[in-house]
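>>> give me the fold of what follows.
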Amino acid sequence: MAPIQTLTPDELLTTTRSVRKRLDLTRDVDRRLIEECLRIAQQAPNGGNRQNWHFVVITDPAKRAAIGNLYRKGWEIYSKNPNAGPNLKYDDPKRSATRKRITSSSQYLADHMHEVPVQIIPCLGGRIEGESYVMQSASWGTIAPAAWSFMLAARARGLGTCWTSLHLFFEEEAAKILGIPYPDVRQACLIPVAYLLGTEFKKAPREPLEKMAHWEHW
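Residues are numbered from 1 along each chain as shown. Here you go, the predicted structure:
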């Protein structure tokens with residue numbers, strides 16, 4: 001079992017990154033470690049305290065390969081979209097360089113998703129197609145905090161994660177592979193989980209707060 005790292009709350013919150021190329025694809029992750037992180041995820045706030053979330057943990061090589069194949073096909077669709085991240089253009093050379101690095105790491109994950117030792121799909125009971133914007137917001141506001149809590153707990157234990165969603169192009173097919181009752185349960189994302197290659201993570205460059213914080217009015 002990996003010891004919990006001595007990170008301050010602020011360090012944990014500001015250095016939990018989307019990890020792709022630095023996932024250790026050669027090392028198994030102990031089930032008890034995943035369960036520790038999931039128990040922490042269960043403490044997340046959720047709409048109406050319904051706790052109608054589920055976490056499908058995938059370690060079987062054949063199932064990981066099947067989900068990885070769906071993810072790779074999803075990446076092929078996504079990467080051709082002119083409004084998708086890989087195709088965005090920036091005048092700022094630094095942002096352009098960052099975009100190229102992210103695209104490269106995203107391609108890497110698409111190529112290697114099937115090798116990641118643990119794949120986790122957070123799910124939520126009920127489908128929201130056709131629901132009001134308000135109800136959709138409340139619903140995503142239930143599963144996203146739980147998933148993020150899991151990712152923070154994983155980071156504190158030397159594990160890397162990344163919120164991904166490209167397999168959702170084929171959500172119903174993924175449901176059949178994993179026995180998820182598609183009419184009643186929807187998948188929120190796909191989180192690859194593995195030990196980290198290296199432990200040094202820093203704050204990411206961000207736009208000035210003044211561009212994003214609006215006091216009293218926009």
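>>> list the buried residues of the helix or strand of the chain with the lowest mean pLDDT.
Lowest by mean pLDDT, DSSP states H and E among the helices and strands of the chain is helix 93-112, with a mean of 86. Using 16 or more other CB atoms under 10 Å as the test for burial, helix 93-112 gives 99, 103, 105-107, 109-110, 112. For glycine as for every other residue, the C-beta is placed from the backbone atoms N, C-alpha and C.
>>> got it, and stretch 50-67?
Neighbour counts over stretch 50-67 (16+ other CB under 10 Å) mark 52-53, 55-59, 63-64, 66-67 as buried.
>>> which one's the longest strand in this structure?
strand 118-125 (DSSP state E).
>>> quick one: mean pLDDT over that strand.
Averaging pLDDT along strand 118-125 yields 96.
>>> work out the gap between the helix or strand following that strand and the centre of the chain.
As assigned by DSSP states H and E, the chain's next helix or strand after strand 118-125 is helix 133-156. Taking CA atoms, centre = their mean, to the nearest Å, one finds helix 133-156 lying 10 Å from the centre of the chain it belongs to.
>>> can you name the residues in contact with the helix or strand following helix 133-156?
Going down the chain from helix 133-156, the next helix or strand is strand 159-161, by DSSP H and E. The contact list for strand 159-161 (CB atoms under 8 Å, 6 or more residues apart in numbering) reads 2, 17-19, 22-24, 29, 33, 37, 150-151, 154-155, 191-196.
>>> same question for stretch 19-33.
1-2, 59, 104-106, 108-109, 112, 115-118, 157, 159-162, 192-198.
>>> what residue is smack in the middle of this protein?
Taking CA atoms, centre = their mean, the centroid of the chain lies closest to residue 163, which sits 1.3 Å from it.
>>> who's in contact with that one?
Contacts of residue 163 (CB under 8 Å, 6+ apart): 18, 147-148, 151, 189, 191.
>>> quick check: which of those residues has the minimum pLDDT.
residue 18 (92).
>>> and that residue, bridged to which residues?
residue 161 (DSSP bridges).
>>> can you check the one 5 residues further on too?
On DSSP bridges, the residues paired with residue 23 through beta bridges are residue 196.
>>> burial measure for it, as a count.
26 (other CB atoms under 10 Å).
>>> okay, now the unreliable bits of this protein?
1-4, 199 (pLDDT under 70).
>>> hang on, the earlier thing: ok, of the buried residues of stretch 50-67, which one's closest to residue 208?
Nearest to residue 208 out of the buried residues of stretch 50-67 is residue 53 (CB to CB; 35.5 Å).
>>> give the contact list for the closest one.
42, 46, 122-125, 142-143, 146.
>>> who wins on neighbours among those residues?
Neighbour-wise, those (other CB under 10 Å) top out at residue 143, 25 neighbours.
>>> any idea which of the contacts of residue 53 is closest to residue 180?
residue 123 (6.5 Å).
>>> distance of that closest one from residue 81?
25 Å (CB to CB, to the nearest Å).
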